[in-house]
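Participant: Starting from these lines, generate the structure:
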Amino acid sequence: MPKRTAFFLVLLALAVDAYSQGCSQCKLLAEQNSGLDESAFSSNMNFGILYLMLFPYLILIFLFRKQLLRLIKSFRGQSSAQ
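Facilitator: Modelled structure (predicted):
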């Protein structure tokens, strides 16, 4: 039991550090655009977030491209049968 308790305490200590890191892209944009007006700053922040979201989706699409093509073909077949 003490080993489990120590393990969970170490995990908890590591999790606290993970929360404090923040997003490097957001921090960079915030530092560079601190002099801009509010609408330009929020537009740049939104672009940065979308940029960071793009690559995981591209990787997933590449990995599951055969299954996705099969799914699209099955939807086309169902719509033409109706």
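Participant: tell me the mean pLDDT over stretch 54-66?
Facilitator: For stretch 54-66, mean pLDDT is 93.
Participant: So which residues make contact with it?
Facilitator: Residues from elsewhere that reach stretch 54-66, judged by Cβ atoms under 8 Å, 6 or more residues apart in numbering: Leu68. Just so you know, the C-beta spots here come from the backbone N, C-alpha and C atoms, and that holds for glycine as well.
Participant: now with 10 Å?
Facilitator: Residues outside stretch 54-66 that contact it (Cβ atoms under 10 Å, 6 or more residues apart in numbering) are 68, 70-71.
Participant: Just the buried positions in that stretch, please.
Facilitator: Across stretch 54-66, burial judged by 16 or more other Cβ atoms under 10 Å covers no residue at all.
Participant: in this structure, which spans are helices?
Facilitator: 2-19, 24-32, 38-63, 65-81 (DSSP state H).
Participant: What part of the protein, helix or strand, is modelled with the least confidence?
Facilitator: helix 24-32 (a mean of 68; mean pLDDT, DSSP states H and E).
Participant: ok so, going back, most surrounded residue in the contacts of stretch 54-66?
Facilitator: Sorting the contacts of stretch 54-66 by how many neighbours each has (other Cβ atoms under 10 Å) puts Leu68 first, at 13 neighbours.
Participant: Next, work out how far apart it and Phe8 are.
Facilitator: From Leu68 across to Phe8, the span is 40 Å (Cβ to Cβ, to the nearest Å).
Participant: what's the answer for Asn46, then?
Facilitator: According to Cβ to Cβ, Asn46 stands 38 Å off from Phe8.
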